[in-house]
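>>> the following comprises the amino acid sequence and a computationally predicted model.
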Amino acid sequence: MEKKQNTERNNKGGRPPKSTTDKLKYRVTVKLATPDYYTLKSRARSAGISASEYLRECFRKGYVRQRLTAEHSDYIRKLCGMANNLNQLAHKANAGGFDTEKLECRVQVARIEKLLNHILL
């Protein structure tokens with residue numbers, strides 16, 4: 001009988017303690033603009049979870065795309081210029097015959113391919 005009383009005193013009931021990996025012990029403060037804040041609250045409410053849990057899920061399962069570097073932006077700008085040049089050459093070819101513009105078209109296509117390979121690699 002004494003043994004039963006000792007175990008009753010030691011076991012207070014309730015949930016078991018969390019392990020150290022499950023405890024939420026770090027706080028991160030984030031500043032949001034008003035539209036971003038209400039978007040976060042709305043998405044969390046529609047998911048049926050708190051904003052904190054929503055952000056934790058986004059952190060675990062989501063990803064953030066890297067911004068374009070200045071170098072890649074420059075390549076895209078050059079690519080747009082080359083596309084414009086190709087459109088002008090196509091217009092000339094339709095108006096005056098393709099033979100006169102054939103070489104220029106090939107040069108532009110080669111430049112575009114080189115630029116695309118540089119961007120993708």
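Right, received. Where do you want to start? Numbers count the residues shown, from 1 in each chain.
>>> against which helices or strands is the host helix or strand of residue 71 packed?
Secondary structure assignment for residue 71, by DSSP states H and E: helix 70-96. Applying 3 or more C-beta pairs under 8 Å, 6 or more residues apart in numbering; DSSP states H and E, one finds that helix 70-96 makes contact with helix 102-120. Glycine gets a C-beta too; all of them are placed from N, C-alpha and C.
>>> neighbours of residue 89, how many?
Using other C-beta atoms under 10 Å, residue 89 has 19 neighbouring residues.
>>> so it sits against residue 106, correct?
No. Counting by C-beta atoms under 8 Å, residue 89 does not reach residue 106; the two are 10.1 Å apart.
>>> pull the CA atoms of stretch 67-79 into CSV?
What follows is stretch 67-79, C-alpha atoms only, in CSV (Å, rounded to 0.1, in the frame of the first residue of the first chain):
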residue,chain,number,x,y,z
ARG,A,67,16.9,37.9,-56.6
LEU,A,68,18.5,38.5,-60.0
THR,A,69,22.0,39.7,-59.8
ALA,A,70,23.1,42.9,-61.6
GLU,A,71,24.9,40.7,-64.0
HIS,A,72,21.8,38.6,-64.9
SER,A,73,19.7,41.8,-65.2
ASP,A,74,22.2,43.1,-67.7
TYR,A,75,22.0,39.9,-69.7
ILE,A,76,18.2,40.1,-69.7
ARG,A,77,18.4,43.7,-70.9
LYS,A,78,20.8,42.7,-73.7
LEU,A,79,18.5,39.8,-74.6
